[in-house]
Every structure is written in structure tokens, then in C-alpha cells.
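Trainee: Let's see this in three dimensions:
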Amino acid sequence: MSDQELLAGYVDTWWASVGDLVALLEELDPDDWAAPTDLAGWDVKAVASHAAHLESILAGGPDEAAEIADAPHITGPMGQFTEIGVVTRRDREPASIIEEIRSVTEARRASLAANPPSDPAAGADGLFGLIGWNLRTLLRNRPLDIWMHEQDIRRAVGRPGGMDSAGARHTADYLSETFGFIVGKRVAPPAGTTAVLAVEGSPTVAIEIGDDGRGRRLDAVPDAPTVRIDTDRESFIVMAGGRRAAEPGSVVVSGDQELGRRIVERLATTP
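Mentor: Okay, here's the model as predicted:
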């Protein structure tokens with residue numbers, strides 16, 4: 001696969017995820033917009049507003065500014081930044097937010113189609129470039145972000161679904177790739193430890209801890225690893241996404257139970 005095809009695949013997955021998010025938002029009842037989500041301090045409207053804000057920026061929209069009050073869920077500069085879109089859209093009607101997401105993403109998709117990205121290592125534009133992201137990182141993260149927020153809303157309003165979409169597969173596979181880092185750096189078991197993560201619907205990940213403490217990806221899944229973690233996609237997503245604990249019984253640990261517990265507790269990789 002060429003670099004351009006790789007990036008085009010990310011764009012296609014993002015676009016499909018945007019369509020799924022917009023379709024969900026259009027189905028919501030008025031009361032649904034005030035439902036609290038797993039993201040501390042944010043209801044459904046806040047999640048949708050945040051998505052609109054980021055996509056507007058990416059489409060070349062104007063910078064936004066707002067006075068951000070102190071709140072327990074706002075920690076650090078990034079938390080203050082992500083709150084801006086919530087504050088600036090607080091008095092907007094839901095239909096206006098939906099239309100904004102639709103219009104700015106259509107504009108961005110048209111721009112990407114007119115000038116297809118081809119260099120994954122090229123610096124991302126604007127804010128994302130300032131924090132050190134390249135095009136590959138940006139384009140790979142957008143479908144993850146959009147799909148994760150679709151799921152935040154689905155859980156908040158009791159409308160499950162979307163677990164077999166392109167965004168779902170992309171996100172689960174992407175987050176699975178952090179398994180070696182989580183085990184090697186966050187849990188730090190002894191060298192020689194082998195660990196397996198089997199998320200339903202995603203490639204099984206097997207790693208071994210080297211003498212340097214890093215989790216090295218194995219080409220084959222060992223028959224008797226030190227620990228093995230089996231779970232379904234939704235349970236993995238809520239854990240790895242830092243949303244909530246998985247439902248009891250949805251995560252099966254084989255082998256070293258204590259090590260498995262420590263790994264599961266540290267799976268969260270994205271707020």
C-alpha cells in the first residue's frame with residue numbers, strides 16, 4: 001500500500017464515522033442532549049459541540065476564544081482548549097450544531113479530495129502541527145475521535161450500535177497497538193514475560209518484555225503466555241478509552257491473574 005493509499009484510507013474511515021455520528025445526532029430526542037456521558041462534566045450536547053469545534057478548526061474555520069471557568073473535569077491546557085467549543089456553543093440549538101458538523105466536514109472532505117495528502121511525515125496544519133503531529137497522526141486520529149464520541153453519545157442515551165463499522169474496527173485495532181507500551185512501561189513485569197491481548201474482531205496482539213523493559217511484538221501467539229486477556233470490542237473500548245470499567249465477566253484473564261489485573265487497570269490510553 002502506498003503512502004497516499006494509506007492516508008486515503010484514514011480519510012475514508014473518518015468520513016464514514018462522521019456520517020454515522022450525524023445520523024445518530026439526528027435521531028436524538030430533545031431531552032437526550034442533556035444526558036450525561038462518561039466524559040466528566042460533559043453531556044451529549046457538550047460532546048457534539050466539541051466535535052463541531054475540532055472539525056471546524058480542521059476545515060479552516062476561525063479560532064475561537066472563551067473564558068473557561070475552573071471545573072474539576074478541566075485539567076491542564078488541553079482540557080481548557082477542548083472546553084472552548086463547549087462554551088462557545090452552549091446557547092446554540094442542537095440542530096445548529098448538527099448542521100455545523102455536516103457543513104464543515106463536507107468542506108474539509110472536498111479539500112482533501114482536491115488535494116489528496118500523500119506524505120505521512122508532513123507536518124499537520126495549525127494547532128495539531130504545533131503540538132508535533134504529522135499528517136499520519138492527525139488523519140489516523142480523527143476517525144478514532146469521532147467514533148469514540150459517537151459511542152459516548154450512544155451509551156448516554158441508551159442507543160447501542162456501531163460496533164461493526166469502519167470506525168469501530170479502526171479504533172479497536174489502533175488502541176490494541178498500545179498494548180506493548182502499557183505492559184512494558186506502565187506495568188513493567190520482568191523480562192521474558194509474555195502477554196496476549198485478544199479483542200474480538202481485531203488481530204490478536206502478543207508481546208514479550210525484553211531486557212530493556214520494552215514490550216516487543218511477537219510474530220506468533222504463544223500457546224502458553226504468562227498472561228492472556230480476552231474481551232469483546234465494546235468492553236475493550238470503554239477501558240482503553242478511559243471511559244469506564246468493563247461489565248463484570250466481560251474480561252477473561254488466563255495465566256497470571258495478578259499481572260492480568262494490573263494490565264487491565266492500566267489499559268486506558270485516551271481520555
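Trainee: can you map out the helices along the stretch 51-200 of the chain?
Mentor: Secondary structure of the stretch 51-200 of the chain by DSSP state H, counting those that start in this stretch: the helices cover 76-88, 94-114, 126-130, 135-157, 166-176, 179-181.
Trainee: List the buried residues for the second one?
Mentor: Applying a neighbour-count criterion of 16 or more other Cβ atoms under 10 Å, one finds 94, 97-98, 100-102, 104-105, 107-109, 112 buried in helix 94-114. Any C-beta I mention is one placed from the backbone N, CA and C, and that applies to glycine too.
Trainee: Format the residues you listed as JSON lines; extra columns: distance to residue 35 and pLDDT.
Mentor: JSON lines is the format used below for the buried residues of helix 94-114 (distance: Cβ to Cβ, whole Å; pLDDT from 0 to 100):
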{"residue": "94", "distance to residue 35": "12", "pLDDT": "98"}
{"residue": "97", "distance to residue 35": "15", "pLDDT": "98"}
{"residue": "98", "distance to residue 35": "16", "pLDDT": "98"}
{"residue": "100", "distance to residue 35": "20", "pLDDT": "98"}
{"residue": "101", "distance to residue 35": "18", "pLDDT": "98"}
{"residue": "102", "distance to residue 35": "22", "pLDDT": "98"}
{"residue": "104", "distance to residue 35": "24", "pLDDT": "98"}
{"residue": "105", "distance to residue 35": "23", "pLDDT": "98"}
{"residue": "107", "distance to residue 35": "29", "pLDDT": "97"}
{"residue": "108", "distance to residue 35": "28", "pLDDT": "97"}
{"residue": "109", "distance to residue 35": "29", "pLDDT": "97"}
{"residue": "112", "distance to residue 35": "33", "pLDDT": "96"}
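Trainee: May I see the buried residues of stretch 212-228?
Mentor: Within stretch 212-228, the residues scored as buried using 16+ other Cβ under 10 Å are 215, 218, 225-228.
Trainee: can you dump the C-alpha coordinates of that stretch into PDB?
Mentor: Extracted C-alpha coordinates of stretch 212-228, given in PDB (Å, rounded to 0.1, in the frame of the first residue of the first chain):
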ATOM      1  CA  ASP A 212      15.300  -3.200  28.200                       C
ATOM      2  CA  GLY A 213      11.800  -3.400  29.600                       C
ATOM      3  CA  ARG A 214      10.100  -2.800  26.300                       C
ATOM      4  CA  GLY A 215       7.200  -4.800  25.000                       C
ATOM      5  CA  ARG A 216       8.300  -6.400  21.700                       C
ATOM      6  CA  ARG A 217       5.600  -7.600  19.300                       C
ATOM      7  CA  LEU A 218       5.800 -11.300  18.600                       C
ATOM      8  CA  ASP A 219       5.100 -12.700  15.200                       C
ATOM      9  CA  ALA A 220       3.200 -15.700  16.600                       C
ATOM     10  CA  VAL A 221       0.800 -16.000  19.600                       C
ATOM     11  CA  PRO A 222       2.400 -18.300  22.200                       C
ATOM     12  CA  ASP A 223       0.500 -21.300  23.300                       C
ATOM     13  CA  ALA A 224       1.100 -20.600  27.000                       C
ATOM     14  CA  PRO A 225       1.800 -16.900  27.600                       C
ATOM     15  CA  THR A 226       2.400 -15.600  31.000                       C
ATOM     16  CA  VAL A 227      -0.900 -13.800  30.800                       C
ATOM     17  CA  ARG A 228      -3.700 -13.600  28.300                       C
END
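Trainee: Run through who's touching it.
Mentor: 179-185, 188-189, 191, 193-198, 204-210, 253-256, 259-260, 263 (Cβ atoms under 8 Å, 6 or more residues apart in numbering).
Trainee: from the residues you listed, which would you call buried?
Mentor: 179-180, 182-184, 189, 193-198, 205-209, 253, 256, 259-260, 263.
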